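Q: My questions concern the predicted model and sequence given below.
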Amino acid sequence: MNRTAKATLPTLFPYLSYQDPGAALDWLAEAFGFVKLLEFRDPAGYVVHAEMGFGNGAIMLGAAVHTPTEHTRRTAPAKHGVYVYVEDVDAHCARAQAAGARIVIPPEDTEWGSRRYRALDPEGYEWSFGNYRPTPQA
């Protein structure tokens, strides 16, 4: 594999634990445009592991609890989030808002020359979308 091809492959894959990972799969697809790549369910039909793609990146998600009966809803925002590159920040925000995302920072221009917005998903994870791309080390 040449150096250019290697540099384009992602090496970091955020993993998020959801109380209701099945609902998260549907919501992330509708609100943010993620595409389901892989899904494993236990014999009762509960999602135990899934992967979703966006551009050339991917996230993994699974159950924060062992059974759906342990389900509790997070009421405060998580203390961490995920940043995702998008070309059209305003259009992406409008899609997310139409799907019920709680926009915590509307689209804005930053001091470092990017445009971004932040939203919470139904379980309180913060998602930041913007047109800035960090430059990873080769």
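A: Looks like it arrived, so ask away. Computed from a predicted model, the values in this text were never measured in an experiment.
Q: Give me the buried positions along the helix of greatest length in the chain.
A: The helix that spans the most residues within the chain, counting by DSSP state H, is helix 21-32. Going by neighbour count (16 or more other CB atoms under 10 Å), the buried part of helix 21-32 is 21, 22, 24, 25, 27, 28, 31, 32. From N, CA and C alone the C-beta is placed, and that goes for glycine too.
Q: quick one: contacts for the last one?
A: Contacts for residue 32 (CB atoms under 8 Å, 6 or more residues apart in numbering) come out as 54, 84, 92, 95, 96, 101, 127, 129.
Q: The same query, at a cut-off of 6 Å, please.
A: residue 96 (CB atoms under 6 Å, 6 or more residues apart in numbering).
Q: quick one: it from residue 41, how far?
A: Going from residue 32 to residue 41 by CB to CB, to the nearest Å gives 22 Å.
Q: ok, back up a step: mean confidence score for the longest helix of the chain?
A: Confidence over helix 21-32 (mean pLDDT, whole number) is 96.
Q: any idea of the angle the helix or strand that comes right after it forms with helix 21-32?
A: With elements assigned by DSSP states H and E, the helix or strand that comes after helix 21-32 is strand 35-41. On the basis of axes from the mean of the first three to the mean of the last three CA atoms, to 10 degrees, strand 35-41 is oriented at 170 degrees to helix 21-32.
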